[in-house]
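A.B. asks: Take a look and give me a structure for this.
(chains A and B)
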There are 2 protein chains.
Amino acid sequence: MIEKGFAKTACLSILSAAMGIVGIFTVVAGQDRDFRDPEFTEKNQLIRPKNYREWIFVSSGLGMSYTQTTPTDGHRPSFDNVFVEPSAYRTFLRTGRWPDKTIFVLEVRSSSSHGSINLAGSFQDALVGVEAEVKDESRFPEKWAYFSFDENGRLKDTATALPKESCFSCHHTNGAVENTFTQFYPTLHPVAISKGTLNPGYKPDTSQK
Amino acid sequence: MIEKGFAKTACLSILSAAMGIVGIFTVVAGQDRDFRDPEFTEKNQLIRPKNYREWIFVSSGLGMSYTQTTPTDGHRPSFDNVFVEPSAYRTFLRTGRWPDKTIFVLEVRSSSSHGSINLAGSFQDALVGVEAEVKDESRFPEKWAYFSFDENGRLKDTATALPKESCFSCHHTNGAVENTFTQFYPTLHPVAISKGTLNPGYKPDTSQK
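C.D. replies: Okay, the predicted model is just below:
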């Protein structure tokens, strides 16, 4: 299912709270969490979440890039789908902030234009890569860490935190809420605005019009 | 929040089962459904689901069109996000079929390219429209019905089923599983294939290469 050519597009345009295998919001039980927290190996490697497609979808983009051109390497641009663990989502809706153990997944998929009856535009196709962003205040000195499960065109089961210059620095500098790019999540950004939780130095638009 | 110009892009690329306000999968309780069924008025109008963003995301497309050109009316193409009510999703994973009361929502959002630090590609922006597809064997003679909540650039709270020629006919003719376009849902189509539930007349590709 995994194709070659992991797209280094918009580097983790995303992410956050406790992941889960149990797979349920706990409104029933009156709790705010029933998904599991992010799971790590003894060597501090993040275990790839298996059920992120059942988390909350926050947005997707096509060929997003923070440089002037989309690095498609001659291929069609990729879709980025961003999911966040449900209990973190619920906390964010209530507070405009991400709780400890927040986890996001960025899923990268190839795009196609012609298929079935579709003749124009782009639809999603094969899985290309999986990345994650985790907030863990006790595990990471900078609170947030970033992971890629891509390895030579396949997905690996665990990943070591990427060096700060890979994703952290950009997220830390440009994230609208803590390290997260809520500016690209159209249902979440208004929550942060209404709760007054945007980062003090956040600049709404630094792009070239 | 609702902009003018409801995009008649790929007409309900989607949809299906019981909607819900309670908001939980019922794995905890060992059930398969805890979201509410689609709700109708006494006049058989579908009440717009309010919490569909917490359902299961099945895929998104950008500017998808079943004709040669994307009808953007001079604007940037729109994103289509497709969500399905969680208990229907779980039934589909298990059986490859959609249960009675399945409900899908197609959310249409405008796209932007420049914003924050993004300089290329497309990300999602304002809400443009909401449509729905419902399977209700006792309510609709054809089992499936389609609804648009768009009204002069705003969202209305209830909608009457659209005439068959609006969406039903195309979905009925081209859907891969019953009336649904699983061929555009990359995590669901393989389930239908493995369960042997593709429609007998389904043609994988009728597009012009």
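
A.B. asks: State the pLDDT value of A:Ser16.
C.D. replies: The predicted local distance difference test score for A:Ser16 is 32.

A.B. asks: Show me what the strand or helix carrying A:Ser87 is packed up against.
C.D. replies: Secondary-structure element containing A:Ser87, defined by DSSP states H and E: helix A:86-95. Contacting helix A:86-95 under the criterion 3 or more CB pairs under 8 Å, 6 or more residues apart in numbering or on different chains; DSSP states H and E are the following elements: strand A:56-65, helix A:189-195. All C-beta atoms are positioned from the backbone trio N, CA, C, and that covers glycine.

A.B. asks: okay if I get these as JSON lines plus distance to A:Thr182, mean neighbour count and mean pLDDT?
C.D. replies: Supplementary listing: the helices and strands packed on helix A:86-95 in JSON lines, determined by distance: least, CB to CB, whole Å; neighbours: other CB atoms under 10 Å in any protein chain shown; pLDDT from 0 to 100:
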{"stretch": "strand A:56-65", "distance to A:Thr182": "8", "mean neighbour count": "26", "mean pLDDT": "95"}
{"stretch": "helix A:189-195", "distance to A:Thr182": "5", "mean neighbour count": "16", "mean pLDDT": "98"}
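
A.B. asks: for those, which one sits closest to chain B?
C.D. replies: Proximity of the helices and strands packed on helix A:86-95 to chain B was assessed by CB to the nearest CB; the nearest stretch is strand A:56-65, lying at 3.2 Å.

A.B. asks: That closest one vs strand B:56-65, what angle?
C.D. replies: Strand A:56-65 and strand B:56-65 meet at an angle of 40 degrees, taking axes from the mean of the first three to the mean of the last three CA atoms, to 10 degrees as the criterion.

A.B. asks: Following the chain past strand A:56-65, name the next helix or strand.
C.D. replies: The next secondary structure element downstream of strand A:56-65 (using DSSP H and E) turns out to be strand A:79-84.

A.B. asks: Would you verify that A:His172 is located in a helix?
C.D. replies: Yes - according to DSSP: H, G, I helix; E, B strand; the rest coil, the state of A:His172 is that of a helix.

A.B. asks: Okay, it and B:Asp205: tell me how far apart.
C.D. replies: If you measure A:His172 against B:Asp205 using CB to CB, to the nearest Å, the figure is 45 Å.

A.B. asks: between these two, who's got more neighbours?
C.D. replies: It is A:His172, of A:His172 and B:Asp205, that has more neighbours when counted by other CB atoms under 10 Å in any protein chain shown, with 15 against 12.

A.B. asks: ok, and the closest non-adjacent residue to that one?
C.D. replies: With CB to CB, 6 or more residues apart in numbering or on different chains as the criterion, A:His172 has its nearest non-adjacent residue at 5.5 Å, and that residue is A:Asn179.
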